[in-house]
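> When you get a sec, could you give me coordinates for this:
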Amino acid sequence: MNINTHIHYHHGTELDHMAGIVPQLILALPFALAFGMYIYAAVRSIRKKSWPIYRTVLWSIGTLLAVMAVAGPLADLAHTDFVAHMFSHLLLGMLAPLLMVLSAPMTLLLKSLSTPLARRLTRLLRSWPSRILTHPMITSLLNIGGLWILYTTNVYSLMHENTLLYLVVHFHIFAAGYLFTMSIIYIDPMPHRLSFLYRSIILVISLAGHGMLSKLIYAHPPTGVPLDQARVGGMLMYYGGDAVDIVIIFILCLHWFRATRPRTGLIMS
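Next comes the predicted model:
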């Protein structure tokens, strides 16, 4: 009887493990494809005209961090450990998007496409849906608002029980983080440009919302999260998020300085 029970338990564990592998593969596959497409486009661009190697390195690291967040040991641990979940959230929703935005994928794509296709893509970027999806206020609501919904409702606990919801949440975390970052710092061509002051105000408000949420998590854990894990996770979200945000602030201020400094006849190298 004990042997049969052990066999049944072992078989059930294997099924659970397989059930966890499928969502991980679904989430990791787009990043793997994006990595391959970027490398291919970079190689083609180098043949025509040089493409900065550091941008390719940033894209490679960014996609690698995103894959680590959704597949492998960290993703497995994140199902049962809130600290691991928060660490994967920082990788997937903040650090990976920042590195991938800095790698200027749209610029590379425009360089690698034929002239007719590049013009079609440019028209798409100038369309009203693109204006909405890249507006800082909208991206901030998607990014910070989505996190508030995730951690202040039962969505966090439900996503570990529903595979579809699990996939949607993780896709949203990355997409919202990427759109928010690209709407604050303009690395790629941006037809619908907004002022530095406006983007700075949105950034400050978003940082405040992110910080308030991390403190709320520290004091009032999400459903099903132990208090000790919530406190460590909240601190990780607060200080880890600040570390990434400092880079975004620095880049935004650097661009602002370069755009507004008085022009002189001197050329500085």
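
> where in the stretch 1-150 of the chain is pLDDT low?
Applying pLDDT under 70 to the stretch 1-150 of the chain flags residues 1-19, 47-48.

> Let's see that with 50 instead.
Within the stretch 1-150 of the chain, the segments meeting pLDDT under 50 span 1-19.

> Which residues are in contact with His255?
By C-beta atoms under 8 Å, 6 or more residues apart in numbering, the contact list for His255 reads Ile185, Tyr186, Phe196. In this view, the C-beta of every residue, glycine as well, is placed from N, C-alpha and C.

> Following the helix or strand where Pro30 lies in sequence, what is the next regular element?
Take DSSP states H and E as the rule and Pro30 turns out to sit in helix 2-48. Downstream of helix 2-48, the first helix or strand assigned by DSSP H and E is helix 53-70.

> Output the contacting helices and strands for that following helix.
Secondary-structure packing of helix 53-70 (3 or more C-beta pairs under 8 Å, 6 or more residues apart in numbering; DSSP states H and E): helix 2-48, helix 73-78, helix 82-90, helix 96-102.

> From Thr63, how far out is Leu194?
Separation of Leu194 from Thr63 (C-beta to C-beta, to the nearest Å) stands at 28 Å.

> Comparing those two, which residue is more hemmed in?
Neighbours were counted for Leu194 and for Thr63 using other C-beta atoms under 10 Å; Thr63 has more, 24 against 16.

> Cross-check the contact I'm expecting between the more buried one and Leu33.
No: distance between Thr63 and Leu33: 9.5 Å, which falls outside the contact criterion (C-beta atoms under 8 Å).

> out of everything not next to it in sequence, what's closest to Leu92?
Spatial nearest neighbour of Leu92, chain neighbours left out: Ala69 (3.9 Å); criterion: C-beta to C-beta, 6 or more residues apart in numbering.

> What's the local residue count around the one you found?
Counted with other C-beta under 10 Å, the neighbours of Ala69 add up to 27.

> How about the one 10 residues further on?
Summarising burial for His79: neighbours were counted as other C-beta under 10 Å, giving 13.

> That one is in contact with Pro23, isn't it?
No: counting by C-beta under 8 Å, His79 sits too far from Pro23 to count as a contact (10.3 Å).

> which residue sits closest to Pro191, ignoring its sequence neighbours?
Arg126 (4.4 Å).

> Quick check: phi and psi on the one you found?
Dihedral angles of Arg126 (phi, psi; degrees, to the nearest 10) stand at phi -90, psi 0.

> State the distance from it to His192.
When C-beta to C-beta is the yardstick, Arg126 and His192 sit 8 Å from each other.

> Neighbour count: these two, which is higher?
Shown here are Arg126 and His192; by other C-beta under 10 Å, His192 has more neighbours (15 against 12).
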